[in-house]
Structure formats: C-alpha cells, structure tokens
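Novice: Sequence first, predicted model second:
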Amino acid sequence: MITPRQHRDVAPRARKVRILATLGPASNTPEMIEKLFKAGADAFRINMSHGAQAEKVELIKSIRALEKSLGRPTTILADLQGPKLRVGKFSDRSAKLETGQKFTLDRDPAPGNSKRVCLPHKEIFEALEVGARLLLDDGKLVLRVEKMSETRITTHVEVGGMLSDNKGLNVPDVVVPMAALTEKDLSDLSFALEQGVDWIALSFVQRPEDLADARRLIGGRAALLAKIEKPAALSRLEEIIELADAVMVARGDLGVELPPEAVPPAQKRIVETARRFGRPVVVATQMLESMIKAPTPTRAEVSDVATAIYDGADAVMLSAESAAGDWPIESVAMMDRIAINVESDPAYAARVHFTETRPDPTTADALSEAAFDIVRTVSAKSIICFTESGSTARRIARERPLVPILVLTPKLATARRLGLLWGVHAVSTRDVSSFEEMVAKSKRMALRQGIAGGGDRVIMMAGVPFGTPGSTNVLHVVRLTGQELKGR
C-alpha cells in the first residue's frame with residue numbers, strides 16, 4: 001500500500017478532466033515517464049499493437065517505480081490490437097489501382113498485382129454483400145463489391161491509388177463475424193493481467209457480445225474499456241456501454257468508416273450516452289496531431305480538445321504525440337493548459353451540465369445528487385468519499401461537481417483504476433472501522449491534500465457498515481478547524 005504520508009508532495013491536479021498519454025519510442029524511459037507525469041499525464045496507455053511484450057515489462061516497471069516514488073496511484077491502460085483486417089502482399093511490394101477498373105480480392109496466397117491481391121480473412125467472404133464498400137489504407141482507396149463467391153470478391157474501384165503490402169482494410173457496411181480477441185490479443189491480455197495493469201482496452205467492438213469473452217478472461221483483475229470505432233457499435237451503443245466499465249471515442253478507424261462530417265455527432269452521442277450511464281468516457285485520436293512534428297498545435301486542434309472538455313469527457317488522450325513525436329512533454333503540457341483554461345471559463349459549468357444525468361432509483365445516486373446540490377448551497381470545498389470498489393466515486397463524478405472529489409480507499413487497485421475518472425484524486429489508505437474514525441480521517445486528508453483549509457466545509461460520503469461494497473448510505477457535512485493535523 002502507498003502510505004498516506006507519501007501523498008503530501010503530490011497535490012491534486014488543477015483540472016477535472018484526466019489526460020491519458022500513450023508511451024512509445026519517444027517516451028519509454030523512466031526519466032521521460034516522470035516528465036510526462038509532471039507535465040500533466042494522469043494515466044499511461046501501452047499500445048499492444050507495437051513492440052514486444054518484454055519491452056512492455058520495462059515500461060510497467062517504470063510506471064510503478066514512479067508511483068512508489070511520488071506516492072500517488074498511477075493508472076496503466078493496455079490497449080489490445082484487436083482483429084485488424086489487412087490485405088496480402090504484392091509481387092512488387094505495391095500496385096496502382098486505377099479509378100473505374102475491376103479489382104479482385106481472393107484466397108490465393110500468391111503475391112498480388114494491379115488486378116488482384118490475397119485477402120486472408122475468411123470471415124469477410126462470409127459476411128459481405130453486393131454493393132458493400134471496402135475501404136483500403138485508412139480510406140484512401142474505395143472499392144465497391146460487384147459479385148462474390150466463397151473464394152473471390154470482384155469489385156469496382158471507385159477511388160484508386162497506390163496500394164502496398166499488408167495495408168489495412170475496413171468494412172463499414174456489414175458486421176464481420178470475427179472474434180473480438182485474436183490469438184495475439186489473448187497472449188497480450190494474459191501478459192497484461194500478469195503485469196497488473198489497471199485497464200484493458202478492447203479494440204473494434206461491434207456488439208455487446210464482443211465484451212463477454214474479455215470480461216470472462218479478465219475475471220475482475222482489471223477494468224474493461226470498449227473502444228467505439230465501428231459504425232456497427234453505434235447501432236447498439238447503449239448495450240455496449242452498459243456492459244463496459246468505460247468507453248473510448250476512437251476516432252481513427254471511426255473516422256475511416258464514417259464520413260468525416262458524421263464523426264462529431266457520433267462523438268457527442270457517445271460522450272452523452274456514457275455520461276448518462278455513469279461510465280468514464282475517453283476522447284482519442286489526432287487531438288494535437290500537428291504536435292508530432294511542431295512545438296505548438298493548430299487552433300483547430302486546440303478547439304477540438306476544448307470541445308471534448310466542454311462536453312464533459314472524463315479523459316482526453318494523446319497517441320503519437322506523446323508516443324513517437326518530437327514534442328511529447330510539450331504535448332502533455334499543452335493539453336493540461338487547454339484543460340485548465342476551459343475549466344476556468346465562467347460558462348464551463350453550464351456547458352458541462354448540458355447533458356442531463358438523471359439519478360438511478362438508488363440511495364447512492366440520491367445522495368450523490370444531494371451532495372452536488374449541497375456543494376452549491378453551502379459552498380463546500382470538496383466531496384470526500386470512502387469506497388472499496390470505486391462505485392461511490394463513479395456516482396459522484398457522474399454529477400460533475402465543480403469541486404475536487406477526494407476518494408479514500410483501502411484498495412490500491414481501486415485507486416489506480418480511478419485515474420480515468422473526471423475530477424477524482426484517489427488516495428490509497430488504511431480502512432476505517434467507525435463513523436467517528438471516518439470523519440477524523442476525512443478532515444486530516446482534506447487538509448493534507450490541500451483541497452480545503454481551516455473554516456471550510458467538506459462533504460463526506462460512505463457506506464455503513466464499513467467494508468460492504470455498494471452500501472453508500474451516509475452523507476455528512478463538516479467544517480474544518482485547521483487543527484486536525486496537530487499532534488500527528
């Protein structure tokens with residue numbers, strides 16, 4: 001356990017939205033990881049699509065060493081590659097497809113040419129229909145299916161171009177009956193769980209059923225995030241969100257399979273739905289894309305990040321910007337400054353509450369809604385909650401109170417998972433056994449963490465009897481004297 005005393009040096013962030021930074025060649029040393037954290041990164045993404053598992057061991061060790069030295073629970077998300085569809089290879093490593101020509105995808109493993117190429121995915125031949133589109137190389141080339149059999153797909157090239165070995169293939173118009181977890185994913189999942197990561201991100205989710213196998217294999221050892229990057233997922237969005245612990249608006253492949261103009265409404269719908277269900281939601285991909293090479297972003301990119309924050313996203317993510325770019329620290333620092341400025345906007349409170357989050361008919365939800373109202377009425381400086389599972393913290397964060405949420409938990413795993421949750425500053429601490437002990441510890445922690453001072457009111461939430469998950473039934477308001485730390 002990280003002891004409470006260790007937390008004195010790491011103050012809560014000056015913003016509510018979290019920053020998820022991807023690690024990679026530009027940021028894979030202990031020194032760089034610490035610099036990213038100090039620049040504003042709250043959680044770290046490890047992309048299992050690239051590099052060997054042995055390399056990931058060192059990354060995870062570095063993050064955990066940083067966590068120990070700073071005394072603050074730090075979140076690790078392992079992002080599985082998923083069933084990425086790719087064409088085969090060409091005899092000359094590439095071929096040019098002319099607009100208007102015929103092009104065939106078949107099961108023949110022989111190297112391709114300008115007339116045909118192998119497509120090593122039996123599932124696509126079973127799922128496709130005449131008239132369906134095939135998008136190649138992130139949508140740069142577009143094919144339309146004219147006829148097909150069990151071994152051949154004849155297409156009309158609507159948008160031509162150069163196509164090279166192993167380029168990606170997207171099938172936006174049908175649900176491809178592929179397992180959500182490939183053999184590589186199963187190996188990476190087992191590895192990530194052995195290493196004790198906090199979140200598993202499942203790629204290319206199409207149906208709620210895709211989450212079932214991952215959930216079973218994880219067995220409660222990590223939380224499960226569903227990446228929404230397929231149009232098929234949008235048709236069953238509420239079911240997917242209900243089964244996941246969090247969701248991500250993965251705009252890379254989503255932006256390939258949907259028309260570009262359809263992505264912003266989809267993003268807003270995903271964020272709004274996740275907030276209504278009380279699930280953390282991450283907005284990702286190309287947020288500060290130009291900072292891969294430039295020390296400053298475009299104004300449009302700044303506006304993009306700001307929009308996600310105004311909409312109430314729990315976290316915003318950096319991909320290549322922090323993993324492989326020339327300016328990883330500056331990218332994190334820029335995102336941090338954008339967030340602080342947005343949340344300082346007098347109009348922010350109204351905009352972040354534009355989405356209505358009605359409480360479920362439970363005691364915990366009723367108390368969370370009441371805490372939000374009490375904060376405004378008595379100008380409380382913080383909401384403090386005791387939790388083992390983290391469910392109380394999620395319910396409070398769902399209300400988006402504009403004061404810090406200090407979460408005290410005896411489970412380090414819970415504190416780590418809360419790193420993607422809006423407004424939460426989690427502390428791993430010894431459990432309490434009585435109401436009086438809870439009040440005393442809440443006061444001490446509020447002062448120690450610097451979220452309240454003498455004369456300030458704070459709100460406490462917990463479940464009595466203690467140690468019973470999901471039993472939140474107490475809301476208590478106290479005023480600090482400033483003397484609570486004396487004698488300790």
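Specialist: Everything's here; your move.
Novice: Looking only at stretch 19-37, what residues are buried by neighbour count?
Specialist: Buried residues in stretch 19-37, counted by 16 or more other C-beta atoms under 10 Å: 19-24, 26-28, 32-37. For the C-beta atoms, the positions are set from N, CA and C on the backbone; glycine is no exception.
Novice: How about stretch 118-125?
Specialist: For stretch 118-125, by 16+ other C-beta under 10 Å, it's 118-119, 121, 124-125.
Novice: try stretch 386-401
Specialist: 386-388, 390-401.
Novice: tell me the SS of the nearest residue to Lys230 once chain neighbours are set aside?
Specialist: Among residues not flanking Lys230 along the chain, Gln206 sits closest, at 5.1 Å (C-beta to C-beta, 6 or more residues apart in numbering). Secondary structure of Gln206, reduced to three states by DSSP: H, G, I helix; E, B strand; the rest coil: coil.
Novice: list the contacts for Gln206?
Specialist: 175-176, 180, 230, 232-233 (C-beta atoms under 8 Å, 6 or more residues apart in numbering).
Novice: Show me which of these are buried.
Specialist: For the contacts of Gln206, buried by 16+ other C-beta under 10 Å: 176, 180, 230, 232-233.
Novice: does Ala370 sit in a helix, a strand or a coil?
Specialist: helix.
Novice: Might one say that it is in contact with His476?
Specialist: No. If you go by C-beta atoms under 8 Å, Ala370 and His476 don't touch, sitting 11.5 Å apart.
Novice: Can you name every helix or strand that the helix or strand hosting Ser69 contacts?
Specialist: Secondary structure from DSSP states H and E places Ser69 in helix 53-70. On a contact count with 3 or more C-beta pairs under 8 Å, 6 or more residues apart in numbering; DSSP states H and E, helix 53-70 meets helix 30-39, strand 43-47, strand 75-79, helix 183-194.
Novice: quick check: angle from it to helix 30-39?
Specialist: Orientation check (axes from the mean of the first three to the mean of the last three C-alpha atoms, to 10 degrees): helix 53-70 against helix 30-39 gives 50 degrees.
Novice: Just give me the residue right at the centre of the chain.
Specialist: Nearest to the mean C-alpha position of the chain, by C-alpha atoms, centre = their mean, lies Val282 at 4.0 Å.
Novice: Wasn't that residue part of a helix?
Specialist: No. Judged by three-state DSSP, Val282 forms no part of a helix; its state is strand.
Novice: any idea how far Asp137 is from it?
Specialist: Distance, Val282 to Asp137, using C-beta to C-beta, to the nearest Å: 26 Å.
Novice: Tell me where the model's unsure across this protein.
Specialist: Applying pLDDT under 70 to the chain picks out residues 1-10, 466-470, 484-488.
Novice: Could you chop it up by domain?
Specialist: 13-82+180-348, 94-170, 363-479 (automatic domain parsing).
Novice: and Phe354, which of the ones you listed is closest to it?
Specialist: With C-beta to C-beta as the measure, domain 13-82+180-348 is the member of the domains of the chain nearest Phe354 (7.9 Å).
Novice: so how far is the helix or strand Ala426 falls within from its chain's centroid?
Specialist: Using DSSP H and E, the element containing Ala426 is strand 424-428. Centre-to-centre, strand 424-428 and its host chain are 18 Å apart (C-alpha atoms, centre = their mean, to the nearest Å).
Novice: could you check the angle strand 75-79 makes with that strand?
Specialist: 110 degrees.
Novice: Would you mind pulling the contact partners of strand 424-428?
Specialist: Strand 424-428 is contacted from outside by 1-2, 4, 7, 12-13, 73, 393, 397, 404-412, 414-416, 418-419, 445, 449, 451, using C-beta under 8 Å, 6+ apart.
Novice: Would you give the sheet partners of it, along with the direction of each?
Specialist: Using DSSP bridges, strand 424-428 pairs in its sheet with strand 405-409 (parallel).
Novice: which strands and helices sit next to the helix or strand following the strand it pairs with?
Specialist: Next helix or strand after strand 405-409 toward the C-terminus (DSSP H and E): helix 412-417. Other helices and strands packing on helix 412-417, by 3+ C-beta pairs under 8 Å, 6+ apart, are strand 75-79, strand 424-428.
Novice: Contacts for helix 412-417, please.
Specialist: Under C-beta under 8 Å, 6+ apart, the answer for helix 412-417 is 1-2, 73-76, 198-199, 222-223, 387-390, 407, 409, 426-428.
Novice: Which among those residues count as buried?
Specialist: 2, 73-76, 198-199, 222-223, 387-388, 390, 407, 409, 426-428.
Novice: neighbours around Asn343, how many?
Specialist: Wrong residue type there; residue 343 is Glu, not Asn. By the criterion of other C-beta atoms under 10 Å, Glu343 has 18 neighbours.
Novice: residues in contact with it?
Specialist: Glu343 neighbours (C-beta under 8 Å, 6+ apart): 15-17, 309.
Novice: Please report the distance of it from Glu261.
Specialist: In terms of C-beta to C-beta, Glu343 sits 29 Å off from Glu261.
Novice: Ala65 now?
Specialist: Taken as C-beta to C-beta, the span from Ala65 to Glu261 is 45 Å.
Novice: With Ala222 instead?
Specialist: Ala222 sits 36 Å away from Glu261, going by C-beta to C-beta.
Novice: in stretch 136-155, what's buried?
Specialist: By 16+ other C-beta under 10 Å, the buried positions in stretch 136-155 come out as 136-137, 139, 141-143, 145, 148, 153-155.
Novice: Which of those residues sits closest to Glu55?
Specialist: Each of these was checked against Glu55 using C-beta to C-beta; the closest is Asp137, at 27.1 Å.
Novice: State the number of residues packed around Lys61.
Specialist: The burial count for Lys61: 12, using other C-beta under 10 Å.
Novice: ugh, typo on my part, it should be Pro83
Specialist: 19.
Novice: what do you get for Lys68?
Specialist: By other C-beta under 10 Å, 12 other residues sit near Lys68.
Novice: pretty sure Pro25 is touching Asp326, no?
Specialist: No. Counting by C-beta under 8 Å, Asp326 is not a contact partner of Pro25; they are 11.3 Å apart.
Novice: How much space separates Pro401 from Ala393?
Specialist: Counting by C-beta to C-beta, the gap from Pro401 to Ala393 is 12 Å.
Novice: To clarify, my last question referred to Arg86.
Specialist: 41 Å.
Novice: what's the answer for Pro177, then?
Specialist: For Pro177, the distance to Ala393 - C-beta to C-beta - is 38 Å.
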